[in-house]
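> just need the structure, nothing else, for what follows:
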Amino acid sequence: MPYKDREKQRAYQRSWMKERREKWLEENGPCVRCGSNKELRVDHKDPVKKISHRIWSWSDERREVELKKCQVLCEPCHEAKRENGLEGSYKITRADVRRMRKLHKSGVSHRKLAGIFGVSYGHIGRVVRGEHWGYV
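Okay, the predicted model is just below:
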């Protein structure tokens, strides 16, 4: 039965999705590059084959299909992979993210930012909220 309070429901959903993610990282860690167990991330080996990063609410079967495309990296190794150009599907850079957030704070709309940076306005929303590129 769903919660009557929508915020309580969202908090519950975030909690069990976080638990799923942490369990998968624990079972599949440590980092495949350096062996670290700290700050682990789910990394798509080939980002071109990535369907979504929002997989933790999916059914077990569907989620496992997506996770077979992934590996565990610690944050420093994940960042190094990006910086070394090993993840060529990124359309924006860290400098773009900083500029995007600054423009957003000054009142530029998501749609206008999407046109400037060549990404979807939904992606802009996730970037300015810190759901994507949160480490920048």
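> and the host helix or strand of V72, what does it pack onto?
Assigned by DSSP states H and E, V72 falls within strand 70-74. Using 3 or more CB pairs under 8 Å, 6 or more residues apart in numbering; DSSP states H and E as the contact criterion, the elements in contact with strand 70-74 are helix 6-28, strand 40-44. In short, each C-beta sits where N, CA and C put it, glycine included.
> packing partners for the longest one?
Under the contact criterion of 3+ CB pairs under 8 Å, 6+ apart, the helices and strands touching helix 6-28 comprise strand 40-44, strand 70-74.
> give me the angle between the helix or strand of the chain with the lowest mean pLDDT and strand 70-74.
Least confident helix or strand, the chain: helix 75-83 with a mean of 78, by mean pLDDT, DSSP states H and E. For helix 75-83 against strand 70-74, the angle between stretch directions is 110 degrees (axes from the mean of the first three to the mean of the last three CA atoms, to 10 degrees).
> what about the residue lying closest to G29 once chain neighbours are set aside, how many residues nearby?
Closest residue in space to G29, ignoring its immediate chain neighbours: V72 at 4.7 Å, by CB to CB, 6 or more residues apart in numbering. Applying other CB atoms under 10 Å, we find 22 residues neighbouring V72.
> V72 and K45 touch, don't they?
No. Counting by CB atoms under 8 Å, V72 does not reach K45; the two are 10.8 Å apart.
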